[in-house]
Each structure stands twice: as structure tokens, then as C-alpha cells.
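> with the input below, show me the fold.
(chains A and B)
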Amino acid sequence: MEKKTHIDCEEYLAIDVFKGFCNVKKTTVMADEEGCDDFTQVKKCRFCKHYNETEEHLGTCMNEAVTYPDLLAKTCDSFNWLDR
Amino acid sequence: MPDNKMNDDVDECGLFFQYGERKSKDVKGREIEKKPSQRVQKIRDLYFKTSSSVSMEFPHWYTRRWMELEGDIPIIRRAEAIKSAFKHLTPAIFPGELLVMGKTHYLRGSYPMPWLSGSYFMSKEDDMYKEALEAGKLSADEVTKWGAGGGNVTESVGNILSVAGKFGLRKEELPILIRTAKAWKNRSVEDIGSRYEKMVPEYKEKESIMRSVICMFDSGYTLPQGREVINYYYPLKYGIDGIIDYCKDKIGEVAGKPDMDRLYFYQAVVIGIEGIKSWILNHAKEARRLAEKEHDEKQRKEYAEIAEIMEWISSKPPRTFRDALQICWTFHTAVLNEDCISGMSPGRLGAILYPWWKNDMDNGTLTKESTMELLECMRMKFTELDCFASMGVVGGVLSGNTFNNLCIGGLDKNGQSSANELEMLILESAMTCATPQPTLSILYDEKLPEDILMKSVECTKTGTGYPAWINNQTAMEFIMNNYQDEGMTLEEARSWSIGGCLESSAGTWLPIDLDGKEYWIPGGAGTATSVGVHFIGVPKSLELVLYDGMDPRTGERVFPSHGYKLDTYEEVWEAFQKYFRETVKVLCLCNNIQHDAWRKITPPVINSFLKPDCLTNGKDIGQMGSRYNTTFNVETCGGVNLVNSLASLKKNVYEEKLFTLAELKNAIDNNFGYKHADEVGSYSLTEQKKSPEAKKWARIHKLCLNAPKYGNDDPYVDDIFEKWESWFCDMCHDYTSLYDKPLYACQISVSTHGPMGAVTLASADGRLSGTTFADASMSAYPGTDRNGPYALFNSATCWDHSKSQNTQLNMKIHPSAVEGREGARKLLELIRAYMRRGGFHVQFNIVDSRMLKDAQANPDKFRGLMVRVAGFTQYWVELGKPIQDEIIARTEYEKTG
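Below you'll find the predicted structure:
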């Protein structure tokens, strides 16, 4: 089961590459630490049907353009959740 | 001049100097210290704990869209890539913010632009890196020292990599960074520019100049735009939809007609501004989302208010002061996202926003308190800006600063004082929320009322280093002369303002009608001045004269022999002129090619439609759409060390024959018997250490140190200074930019006096090898100005400052010297004295040097401490040691009389 870290949560607001703000708990949390029960997965290429991994941390979108798994997709019109 | 007591028995080179008796035994803090609102205190505390962070969103989406449009019209392809990048940026709204949006979703976010240049952040093993090293493009990176404190990520730790010496990147984003950079290999402005600059006959000479760091960095792909004044007029007057409609009408007018580039330009503007519209609406959507989830009623209301404002400004002109401020901030950030830019100045924001401010104050929807909170929020947004560029550029030149210069004072369109109440609040908010950005400058004019001058003195006394004091009349004279061939008038010259730290930039007045009243607001109308020939270390040029074209540091031949025997002082001066001219010529030709590659590959779209008269001409900035295009310049560094060295050569070698040139070179080779600065770990003259052979060179070194020094009203050396300035300012006009406009002189140092000193051996003025040059251009070399401030002013103004885009004078005054109301009056009189002699610029560090020493030893205790370096104020803990040492070493004035 994929680890649920803050950086993959919808309620995580990144402050910098190390840490961010949890909009539920209203506290600063470390990006790579485990999330809590209120964890809601954020839209990222890694969680999208159109994403195919080609090598570590790199893949394609719709088998065409290069992209990367950790790219946030909150503003991507073609995002489509993977079947969970 | 008093004998410079060289302590033969002491092994340091004692040059620290105080002018006047130090009154207080204990370390004296700063007299004035104010606090921001509670809201902004929280935001600033968060900023202090934030690291500079790289996001790959913008470069990823830009590159993806660009590659899809292979073969399309370049400016359309560019606009589509910009649109895609803005449209996909993840919106971020931080709790407590009133103004929203930033370059990325990080608080202190930035990103590489591999379409401009990619070699400097590639790993050392990579061939892109090796090629850049060979071409001398990374030499400045190698001699730059970063401050390890504050937000700088100078080392990789855990899951975070340190990139370009300062920025943190998440490890999982390294593959896309490398893949994106490689996608641009042989397509970037750097690579294409490099390919064609090799066609300049003297190109090989240019590479050696760069490898020896006689020049700090290339121009076309490093910071191709910036050190200019932005113009917010069109979004404020017409709103986004108004601009789109205007362009669509123009498309109908020009389609199919000659001068077809206008069609593609107008279409590119429509595409680009649609991207910004989506970016704004995404923030409105995010604010709505947050409002729906928010339990705290006050914060919920604030999110809802943000959403409403963002929805409004996504299409329409502002209704209120807050709308107008948000529009200015949005377009400021949009321009910074379009290109690698340092020094995009807001200009005279107090005059620009006054119509909306006055309206809201009169109808009671705004108060002074709510204005102050908005202005403090604005200060934090500007301070959160980071500029991602190479170590040599961001570290060696900029010290991590972004140079957003807000100007107050000056004259209005009719030649009357332009000062207003909003500017008084801008000054007050710069004291309550003391942060490096925006830095402030007051355009001093005899017509300004006393209250804004005294308020500016009060702000100066907080020790933040701003406002800088600028001579409005001297600057207007430069603007009139420099742009006369482009139709500059006196009325238009009054709208000038400062780009970047200190670059006088041309402006224009444009009309705003609000509730039946007409206002004329100033804004930038000149293109970038961060372009042309960057920082030439003139003491290094003189070194090459003594070594007949060889660089003694690298052992490489840079120039052919100059052909002089150097039997007379006049021959030294002629040989210097010869080598300096050759340096300017070859750098100008190569940089022109790089800029031509820039305007062909990455033409500016956003900055173009903001800048008069691009929209009316239908031309982008790269096609000379701006009203004023005579903006390329030649920058120098270390001018005072050059002049002091020439004075020492003239007196010691050629007139009094106290030692020969060969003996001097021998002493220089042996660093006058001192250990090297790197070995000692100190870069100012106050803490250098003698080596065991020091006695052998003590006599020559003492004679060099005691030779006449600039800054003491001594005609012997000031005559040399006047000759250097007059010659340099005139010779720049002999070289032309790619727009076929003459270059002009630009005399600031930023932080280049650190790395450029690092590559220069000891010099004839007694400076030691690897130590920092004098800062700025009118500042005395630390510790050598010993006859008081008025003597320094006389030396500085022995020539006409209006012949140069700028001059720069930094002074360090002990807080006790300007204490209380009487002290404030004395400081104002001091400033007036310099302005009335024609001095262009003066700024102050009001600080006790012992506090700086303590801060150097205990940085954690001083996270918020700021100092004035050159044209910028920076956090002490983020400065490299060479610059810290130099500031500590500057002469400390205990009295101003």
C-alpha cells in the first residue's frame, strides 16, 4: 500500500521543499512524514490513468509528452483518477 | 594625510578607521525600531523559517507546450508555452495573506529557465557543464562564496538537493530537471548565442577575458531583462478583457497588411494574457475551496473576499486601492515568471496608486491602518521573491537579492513636488515591516516638502539602509541627454524612476480618469538596462597592463602584448586604455549576438504589452517596440582601487622613484609579504596576516598604503579620478548595441567587488591579493577616507555625475552620530550638502561595526539583521563572508560634521 505522506495530501500547502502547512490541523508538518486519518489524496500525475512510468521519477502522459509522477495536477483538465 | 601607522610588530594590516571619537563604550543598537501588524508579523516569522525552493511546474509545462509547436511562428510558440505554464501553475494561498499569488506554489519559490541557459545547474560530470567551463561561462561561479544562513540551501540534506548553491530541490524532481535541461541543449539562448558569438573574430580573446574574470558574466542569456521600471498602466486602465479586445481589434486592422510581425505580436499578447487570466481564476477557485472548508469565521471571510477580488480583476480594471494593488502585484509576478529577471522595479508606486487610494480614503472604505496592513503585506510578497540564476550571478553579483526599487518624491508632470500622503505611509510601512524588498529610494529635489525628507531620515535611521537618496535633477539631466535622439522632453524626463538597485530609467506619463478626476501616472517606458557589457574589474585590467597581457593568477595570455615599455606614467595610462577598450569592444560584440538570439528565441510577450509603446506599435521589446531603447551600458567594478593604484604608481614609481616597477611587481607576486586571503579566511584588509618574509616587503607596502587615497579632498588623486571618469563616460558612446544605440556608463558594484577582488592579485594601492575591492563607485576604499564626510563629497563630485547612468556612495555612520531630532537634522544637512554638489546617490548603514562582528560570530542571534551592501539591503546571515568583511571594514563615521 503506498505510504500516505503529507506531500500527497490535498490539504497540504507546501511552504518550501522541506515542509508545509496542514489546512486541517492548522500546523506546520514535514513533507515526507506520514499523514493522518483526514488524508485525502491530491491530484498528481502518479495517481492519474494517463500516466505511464518509463523510468524512476519519469514517465509519459497519454503515451506522448514526458512528465513526472510528482507533478501536481490540480489545474490539469485531463486528469483522471486511477481506479483505487 | 596622517601617516598610516603600520604596526611593524603587529602581524595584522591595521586599516580599520573611525572618523571622530566613538562616544559609547558599549555596542549601540539602532535608535528606531518598529513592529509590523500582528498578521504580517506571523507571515514574516514564517518567511524567516522558509528555504529557497525550486519548483519544476513552470519549466515543465512551458517545455512541453513549446515542443508540441515545432515549426510555428516563434513569438506564437513562445506565447503558447507561457500560457500553458501559467494555466497549470498550482495556486497557493497562505493563511493570513491579503495579497495573493507568487512565482510558484512555494512561499519562496523559483525555477530554472533552460530555454535561456542550462549549463550552470547541470552536474559537474555532465558535458553541458564542461563546455560552459571551457568557454569561461562558469568562472565567476567558482570564485563566489555564499552566505550559509537564512533561506539559502547551500548543502544537500536528506531528500533535498542543493542546486546552484542556494536552492533546494526535491530529489524526485532531479530527473525531470535534467530531462528538461537536456531538451533545450543546442536550442537554448545560451547555446545558440554561443554558436554565433564564435563568429566574432576576437572570440577567443573573449573566452580568456571570461576565464580570468575580468568580466563577471555574459549578458544575453543570464539576466536578459531587468534593472528597468515596469509599467502597470494598461491593466489598471483597461483591465484584462480590455487589453484582449484592443488586441483583437488591432488584429483585424493589421491582418494581411505589410509589417506582418504586428499580427503575430497582437495574437501572442492575447494568448499570453489568457494564460494569466486562467492563473488568476485558479487562485479565485482555490480561495473559494478554502472558504468552504474554513471553520474560523474571520479567515473564511478573508478567503471569500480574496475570491471575489480575484474573480473581478481576472477581467476588469480595479474598483478600489486593494484591487489596484493586487493587479500591480499579479502583473509584476507575471513578468518575473516570463524571463530571468533581476531588478524589475515597481517605480513610483505611491504616485501610481494614489488615485484609487485617495478615492477610497475620501469615501471611507479605507483607513490609514488598513492601508498600512496592505502595504506591509505587499512588502512580504516582494521579499518572498527569489531569482533562480547561476551561482556567479545570484551569489557573486546579486547576493540573492531581487532589487525591486520603489521610488518616492521627485516631480510631477508639471514640475511640482510629486510627494503625497500615500508615500508617507509607504515609508512608515518600510519601518514597521523592515524587509529587503521592496527597497526604497527618495528622488531628492529642492522642491520636496520638509515632512517627506524628515520621514525619510527617520527611515534611514532604522538602519535598514533605505531609502537611498537620489539626486532628481542630476538624474533628469542624464535622462534628457541619453534619450534626446529618441524624442525625450523635460516633461517626460520628470517621470523617470530607478530600475533595479540604481539604474536611472526613462518613463512616461499616462492619464487615468477616476470619478470625474484626471490623474497622470508615471511608469517605465524604457527597456532593460541589465544588458550590454557586465562588470569589468578595472583593477584586474591594470594588473594585465603590468603583466603585459598575461593573467598572473591563471598563467593564461588574455591579450597580445600592449607594446609599451611602461617607462612613464602616461604609458601605463595609455596601455590601460588600450586593454580596457579591447575588453569593451569584444564583449559588446559577443553580447549583442547573445541578445539577438534571445529576442529571436524567447521574445518577451508579457513585459512587452505592459511597456509603452509596444501595444500601440504592435512590436515586442526585442523589436524596439518600447518608446526608449538606448539602454545598453558598460559596467565597471573597483574604480576607486584603480585610481588609488594609479596614484601610487605615479607618485612612488615615476615621480619620487622610491621603487621600480619591477620591484613593485615582485612585491605584488609575493602579496607584500602577507598570507593569501583564502588562507586567512578573511577578505578585507583589517584582518590579513603577515607571512615570515613580511619584513622584506614592508617598506614598499607602507609606501603603497600611504600613497594619496581617493576620498580625502586631495587634488593629487582626485585629478586622476576626474580623468578616469571623464574618459570612461565618453568612451562608452563609441560602442553600439544591437539596436544601433550608443552604450553609456553604469557605475554600481552590487556585490561583484567580492568575487572580482578574489581573482585579482595585490594592487599598487596596498590592497592585498584576493581581498574585496572598494564597494560601489564613489565609496572610498575602507579605512582610507580620513578627512571627514565633506572631504569625501568633494572628491566624489570632482566630475559631472550626469554623464553616467548612476554613481554610488555608501557611508557607515555610528547610530550615536545621528541620534535624536538634532542628529536627524545633521544627517539631512549632510545629504543636502552632497546633493547640492551634484552627487547622484548616497546611502547609509547606520550601525555599530562591533554589532556586525558579533553577528558574524553568532548569526542565529541576528536572523532579522539587515545591512546595506550596495544598491540593496540584504539579510546579514545570507551574505557571503567577503561582503560581510568589507562592510565591517568600511570607515565608521562617529560624527557627521
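
> quick check: closest non-adjacent residue to whatever residue of the stretch 201-350 of chain B ends up closest to chain A.
Across the stretch 201-350 of chain B, no residue is closer to chain A than residue B:282, which sits at 5.4 Å (Cβ to the nearest Cβ). The C-beta positions use only the backbone N, C-alpha and C, and glycine is treated the same way. The spatially closest residue to residue B:282, leaving aside those adjacent along the chain, is residue B:91, at 4.5 Å (Cβ to Cβ, 6 or more residues apart in numbering or on different chains).

> residue contacts, that neighbour?
Residue B:91 makes contacts with A:74, A:75, B:101, B:105, B:279, B:282, B:283, B:285, B:286, as judged by Cβ atoms under 8 Å, 6 or more residues apart in numbering or on different chains.

> doesn't it belong to a strand?
No: counting by DSSP: H, G, I helix; E, B strand; the rest coil, residue B:91 falls outside a strand, being coil.

> any idea of the pLDDT on it?
In this model, residue B:91 is scored at 98, pLDDT.

> which of the helices or strands spans the residue of the stretch 201-350 of chain B closest to chain A?
In this assignment (DSSP states H and E), residue B:282 forms part of helix B:261-293.

> same for that helix, what does it pack against?
On a contact count with 3 or more Cβ pairs under 8 Å, 6 or more residues apart in numbering or on different chains; DSSP states H and E, helix B:261-293 meets helix B:74-88, helix B:233-254, helix B:297-313, helix B:321-338, helix B:606-610, helix B:614-617.

> give the contact list for the residue of the stretch 201-350 of chain B closest to chain A.
Residues near residue B:282 by Cβ under 8 Å, 6+ apart: A:74, A:75, B:87, B:89, B:91.

> name the nearest of those residues relative to residue B:465.
Closest approach between the contacts of residue B:282 and residue B:465, by Cβ to Cβ: residue B:89, at 33.1 Å.

> mind checking how far the closest one is from residue B:170?
According to Cβ to Cβ, to the nearest Å, residue B:89 stands 17 Å off from residue B:170.

> neighbour count: those two, which is higher?
The neighbour count for residue B:89 versus residue B:170, taken as other Cβ atoms under 10 Å in any protein chain shown, is higher for residue B:89 (26 against 22).

> so that one touches residue A:76, yeah?
No: using Cβ atoms under 8 Å, residue B:89 is not in contact with residue A:76, being 11.3 Å away.

> where does pLDDT dip in chain A?
For chain A, residues meeting the criterion pLDDT under 70 lie at A:1-3, A:84.

> quick one: the strands in it, in order.
Ranges of strands within chain A are A:12-14, A:19-22, A:27-30, A:51-55, A:58-61, A:65-67, based on DSSP state E.

> contacting residues around the closest residue to residue A:71 other than its chain neighbours?
Take residue A:71 and drop its neighbours on the chain: the residue closest to it by Cβ to Cβ, 6+ apart is residue A:45, 4.7 Å away. Applying Cβ under 8 Å, 6+ apart, one finds that residue A:45 lies in contact with A:51, A:59, A:61, A:67, A:68, A:69, A:70, A:71, A:73.

> repeat for residue B:719
Contacts of residue B:719 were listed using Cβ under 8 Å, 6+ apart, and they are residue B:798.

> secondary structure element for it?
Using DSSP H and E, the element containing residue B:719 is helix B:715-731.

> show me the contacts for residue B:544.
By Cβ under 8 Å, 6+ apart, the neighbours of residue B:544 are B:212, B:214, B:550, B:551, B:558, B:559, B:579.

> can you pull the pLDDT of the fourth one?
Put plainly, it is residue B:551. On the pLDDT scale, residue B:551 is placed at 97.

> that one contacts residue B:212, doesn't it?
Yes: contact criterion Cβ under 8 Å: residue B:551 and residue B:212 qualify, at 4.1 Å.

> what touches both of the two?
With Cβ under 8 Å, 6+ apart, residue B:551 and residue B:212 have common neighbours B:544, B:558.

> secondary structure class of residue B:456, three-state.
Look at residue B:456: counting by three-state DSSP, its state is helix.

> and it, how many residues sit next to it?
For residue B:456, the neighbour count with other Cβ under 10 Å is 29.

> likewise residue A:38?
12.

> show me what contacts it?
The contact partners of residue A:38, by Cβ under 8 Å, 6+ apart, come to A:11, A:24, A:25.

> please report how far it lies from residue A:28.
As judged by Cβ to Cβ, residue A:38 and residue A:28 stand 16 Å apart.

> from one end of stretch B:673-693 to the other, what's the distance?
Using Cα to Cα, to the nearest Å, the end-to-end distance of stretch B:673-693 comes to 6 Å.
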